[in-house]
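# quick one: sequence plus predicted model below, questions after.
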Amino acid sequence: MLAALWAGMLLCVGLVAAPSAFAALERPMAGLVVAQLFQREAMLSMFAALLLILMERRLARDGARPAITPEFMLPSAALFCTVAGYYALQPMMAAAKAGQGDWSFMTLHTISLLFFGVKGLLVLALAWRLGGR
């Protein structure tokens with residue numbers, strides 16, 4: 001159920017909340033609102049990924065599963081996407097807005113968007129795999 005809730009949160013943030021903020025608010029205010037949304041999403045994503053990884057490790061330790069399974073790799077990859085796509089790129093994006101750094105804000109934003117999209121697909125695949133049990 002956790003994977004399905006996580007997937008639903010990602011879909012709501014990415015497909016409903018963020019676009020709605022930019023549709024309803026002026027661009028600077030929408031940017032602030034969306035930044036808060038993605039900050040909370042990143043924290044919740046890290047929590048969900050770590051919890052699912054720990055649950056999978058417990059099953060492997062108890063001998064119920066092999067050590068490496070898709071149910072371990074999918075949240076691990078989603079955790080990587082969260083760390084790289086949010087925690088690594090956000091400081092770079094802030095620097096780009098201030099005119100610093102080698103890459104433009106739009107380039108970094110596109111990379112961040114790609115990480116978010118891949119994370120969403122990974123979590124949807126995990127929810128699908130776990131839903132059959």
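Here it is on my side, so go on. Numbering: from 1, shown residues only.
# what's the longest helix in this protein?
For the chain, the longest helix by residue count, based on DSSP state H, is helix 27-61.
# contact partners for the residue nearest in space to the middle of the chain?
The chain has Thr82 as the residue nearest its centroid, 4.5 Å off, counting by Cα atoms, centre = their mean. Listed by Cβ atoms under 8 Å, 6 or more residues apart in numbering, the contact set of Thr82 reads Ala42, Ser45, Met46, Ala49, Phe115, Lys119. Where C-beta positions appear, they are placed from N, C-alpha and C, glycine not excepted.
# what does Ala49 give?
Contacts of Ala49 (Cβ under 8 Å, 6+ apart): Pro75, Ser76, Ala78, Leu79, Thr82.
# the closest residue to the residue nearest to the centre of the chain other than its chain neighbours: how many residues sit nearby?
Distances taken as Cβ to Cβ, 6 or more residues apart in numbering place Ser45 nearest to Thr82, at 4.5 Å, with adjacent residues excluded. Neighbourhood size, Ser45 [other Cβ atoms under 10 Å]: 26.
# which pLDDT does the model give Ser45?
pLDDT recorded at Ser45 is 97.
# residue contacts, it?
Going by Cβ under 8 Å, 6+ apart, Ser45 touches Trp6, Leu10, Ala78, Leu79, Thr82, Lys119.
# and the furthest pair within the residues you listed?
Leu10 and Leu79 (13.2 Å; Cβ to Cβ).
# so is the residue of the chain most remote from its centre in a helix, a strand, or just coil?
In the chain, the residue that sits farthest from the middle, by Cα atoms, centre = their mean, is Gly63; the gap is 29.8 Å. Three-state assignment for Gly63 (DSSP: H, G, I helix; E, B strand; the rest coil): coil.
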